[in-house]
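Quick one, fold the following:
(2 chains)
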Number of protein chains: 2
Amino acid sequence: MSAGFQIWASDGVPEVTTGDDLAAIVASACPDLADGDVVVVASKIVSKAEGRVVAADDREDAITAETVRVVATRERPGGPPLRIVENRLGLVMAAAGVDASNTPEGTVLLLPLDPDASAARLRVGLRALLGVRVGVVVTDTAGRVWRDGLVDLAIGAAGVRVVEDERGRRDSAGRELGMTVRAVADEIAAAADLAKGKVTGRPVAIVRGLGHLVTDDDGPGARVLPRLGADDLFAEGTAEAYARGLADGRAVARAGDADAPS
Amino acid sequence: MSAGFQIWASDGVPEVTTGDDLAAIVASACPDLADGDVVVVASKIVSKAEGRVVAADDREDAITAETVRVVATRERPGGPPLRIVENRLGLVMAAAGVDASNTPEGTVLLLPLDPDASAARLRVGLRALLGVRVGVVVTDTAGRVWRDGLVDLAIGAAGVRVVEDERGRRDSAGRELGMTVRAVADEIAAAADLAKGKVTGRPVAIVRGLGHLVTDDDGPGARVLPRLGADDLFAEGTAEAYARGLADGRAVARAGDADAPS
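Numbering: from 1, shown residues only, chains lettered A, B, ... in the order given. The predicted structure is shown next:
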């Protein structure tokens, strides 16, 4: 058996509010942190510490404000439409990542302004307080296309590999592994969710045994994970793309007919 | 700190070939399996044991044969087009899940015919050989829309919860958690990938400490995870849907013009 790794969640994280020192909170809750550990923190408490709780009588208005591009919408009986949008962080998510749970009535929680920077600050703070060299992953919860259920993924990272590029390495038969690039930060986020839970209110997990993924510098951050633009074959929902085609087709046909010799 | 969980990969799994008894192989490689463990097995060795290595001079033909529906295609310079398709298992994947690595030249590896049944057989076999009550997850590697890099996900499962439905449970403020359904089997697959690696050829991982997710019966299996049909807002790639709309728009306009009073 190889050494493997362990993940556990901290029971000692109190309710976080605006202005709280997240590094002090994590250091206090996880005094046994060691070099090579990865600290996985739910974006919820990062946002709270950073004062991203904003008054919003209407969550829908807050979603609109966070949206930079609408990808797909779907009417839902008895409620506001589902909106899958790209937000300011380049994340394509339902409701733009705006969270109306776990905050007082009349407020919503926005994602951190720069989760990679948040992760880097936490890493520096933990080094200062505990003298440890750790990686930090900031997570959020999202749905997936074609798959039921939500999983956690990495929206911020510092001091930890975000992708492992296996291209050029060879399989057991000596052939190149092809296009294999692993999103290890997302896999760490998913693994940590199994330990953290959600209902139980444990927003911090520690991963021990993946020290080979922990780096000296902050690295590129989770901002490299979104794949948009020319590489995105699903930049628009099927219904939206079809409707745009339909409108263009009509216009083209009419213009063509108008141009045609009579 | 809560108890958390551990994951490790087995070093003792030999090369698997058609007809091998997978339960005997896993039992031999992991003799310390205990009640409540989850055994995570790469579909690659399940396919090999089940004889899913097939002769295919052309991987593209094999992909076509496994495809039940084309979702999106994209030309690639210097190679065959990228094809994102739904396969026989309801999985939407690039190349239909057909694997041309880790097999002899001139052959490809198809996914197991029924990975949930494969998982159930392995579970029964491990109970018979070791007297343990474990869960089994069969994994494959896939890309994601809007995210760079690949992650492992669950394509087969037995004796382990596949989704955790948190609907009706309440957050720390007493409010319902809303639509939260967690794809825990996918999170287990992702976590195990961090231990298993790929290049290192360790296709079996053990998860210990998530016994609350292990069930007495086989359960619904990973077949419940694909979300297709009316709930799928991305049933067609943007370019494909737009092209279909464009053609329909032209036809509609011409028919409308023909019908219009002159």
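
Can you show me the strands along the stretch 1-150 of chain A?
Remark: strands assigned in the stretch 1-150 of chain A by DSSP state E, counting those that start in this stretch are A:5-9, A:38-42, A:53-55, A:67-74, A:82-87, A:92-94, A:107-109, A:135-144, A:147-158.

Which of the helices and strands in chain A ranks last by mean pLDDT?
strand A:164-165 (a mean of 87; mean pLDDT, DSSP states H and E).

Walk me through which strands it pairs with, and which way each runs.
Using DSSP bridges, strand A:164-165 pairs in its sheet with strand A:181-182 (antiparallel).

list the helices and strands whichever helix in chain A runs longest packs on?
Of all segments of type helix in chain A, defined using DSSP state H, the longest is helix A:238-259. Judged by 3 or more CB pairs under 8 Å, 6 or more residues apart in numbering or on different chains; DSSP states H and E, the packing partners of helix A:238-259 are strand A:67-74, helix B:238-259. For every residue, glycine as well, the C-beta is placed using N, CA and C.

Give me the buried positions along the last one.
Spelled out, that is helix B:238-259. B:238-246, B:249-250, B:253-254 (16 or more other CB atoms under 10 Å in any protein chain shown).

CSV for the strands of the stretch 1-150 of chain A, including mean pLDDT and mean neighbour count?
Listed next are the strands of the stretch 1-150 of chain A as CSV, based on pLDDT from 0 to 100; neighbours: other CB atoms under 10 Å in any protein chain shown:
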stretch, mean pLDDT, mean neighbour count
strand A:5-9, 95, 24
strand A:38-42, 97, 28
strand A:53-55, 91, 14
strand A:67-74, 97, 16
strand A:82-87, 97, 20
strand A:92-94, 96, 22
strand A:107-109, 94, 20
strand A:135-144, 97, 25
strand A:147-158, 97, 26
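
Could you dump those into a markdown table and include distance to residue B:97?
Converted to a markdown table, the strands of the stretch 1-150 of chain A look like this (distance: least, CB to CB, whole Å):
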| stretch | distance to residue B:97 |
| --- | --- |
| strand A:5-9 | 28 |
| strand A:38-42 | 30 |
| strand A:53-55 | 43 |
| strand A:67-74 | 25 |
| strand A:82-87 | 25 |
| strand A:92-94 | 24 |
| strand A:107-109 | 38 |
| strand A:135-144 | 17 |
| strand A:147-158 | 14 |
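
Look up how far residue B:149 lies from residue A:136.
For residue A:136, the distance to residue B:149 equals 19 Å [CB to CB, to the nearest Å].

what do you get for residue A:190?
Distance from residue A:190 to residue B:149, by CB to CB: 13 Å.

Residue A:106 too?
Residue A:106 is 39 Å from residue B:149, by CB to CB.

before we move on, what about residue A:137?
Computed as CB to CB, the residue A:137 to residue B:149 distance reads 14 Å.

residues near residue A:80, how many?
13 (other CB atoms under 10 Å in any protein chain shown).

no no, residue A:81
Residue A:81, neighbours per other CB under 10 Å, totals 9.

and the helices and strands packed on helix A:238-259, which one's lowest on average pLDDT?
Note on the helices and strands packed on helix A:238-259: helix B:238-259 shows the lowest mean pLDDT, a mean of 91.

Hey, what's the angle from that helix to strand A:67-74? Just curious.
60 degrees (axes from the mean of the first three to the mean of the last three CA atoms, to 10 degrees).

Can you give the contact residues for helix B:238-259?
Residues outside helix B:238-259 that contact it (CB atoms under 8 Å, 6 or more residues apart in numbering or on different chains): A:232-236, A:238-254, A:257, B:70-74, B:236.

Can you tell me the centre-most residue of chain A?
residue A:155 (3.1 Å; CA atoms, centre = their mean).

That one reaches residue A:114, doesn't it?
No. With contact defined as CB atoms under 8 Å, residue A:155 does not reach residue A:114; the gap is 10.2 Å.

Need the residues touching each of those two.
Both residue A:155 and residue A:114 lack any common contact, where contact means CB under 8 Å, 6+ apart.

Just give me how far stretch A:114-124 sits from the chain centre.
Chain-centre distance of stretch A:114-124: 14 Å, with CA atoms, centre = their mean, to the nearest Å.

typo on my end, stretch A:83-95
The chain centroid and the centroid of stretch A:83-95 are separated by 10 Å, computed with CA atoms, centre = their mean.

Repeat that for stretch A:53-73.
Relative to its chain's centre, stretch A:53-73 lies at 17 Å (CA atoms, centre = their mean).

how about that stretch against chain B, any contact?
Yes. Using CB under 8 Å from any CB of the partner chain, we find that stretch A:53-73 touches chain B at residue A:72.

gap between the two ends of that stretch?
One end of stretch A:53-73 sits 25 Å from the other (CA to CA, to the nearest Å).

what's next to it, contact-wise?
A:18, A:47, A:80-88, A:92, A:95-98, A:100, A:103-104, A:106-111, A:234-240, B:233-234.

Mind doing that once more with 6 Å?
Here stretch A:53-73 makes contact (CB atoms under 6 Å, 6 or more residues apart in numbering or on different chains) with A:80-81, A:83-88, A:92, A:95-96, A:98, A:100, A:103, A:107-109, A:237, A:240, B:233.

again, but for stretch A:114-126
The contact list for stretch A:114-126 (CB under 6 Å, 6+ apart) reads A:22-23, A:27, A:46, A:112, A:134, A:136, A:138, A:155-159, A:218, A:221-223.

For that stretch, buried residues please.
Residues of stretch A:114-126 classed as buried by neighbour count (16+ other CB under 10 Å): A:114-123, A:125-126.

what about that stretch, average pLDDT?
98.

show me what contacts residue A:86?
Contacts of residue A:86 were listed using CB under 6 Å, 6+ apart, and they are A:68-69, A:92.

For it, name its beta-bridge partners.
residue A:69, residue A:92.

Phi, psi for residue A:205 please.
With angles defined as degrees, to the nearest 10, residue A:205 sits at phi -130, psi 150.

give me the number of residues near it?
30.

gap between the helix or strand hosting residue A:193 and the chain center?
Assigned by DSSP states H and E, residue A:193 falls within helix A:184-196. Distance of helix A:184-196 from the chain centroid (CA atoms, centre = their mean) equals 11 Å.

Stretch A:47-55 too?
The gap between where stretch A:47-55 is centred and where its chain is centred comes out at 17 Å by CA atoms, centre = their mean.

about what we covered before: can you give the contact residues for the least confident helix or strand of chain A?
Counting by CB under 6 Å, 6+ apart, residues outside strand A:164-165 touching it are A:181-182, A:184.
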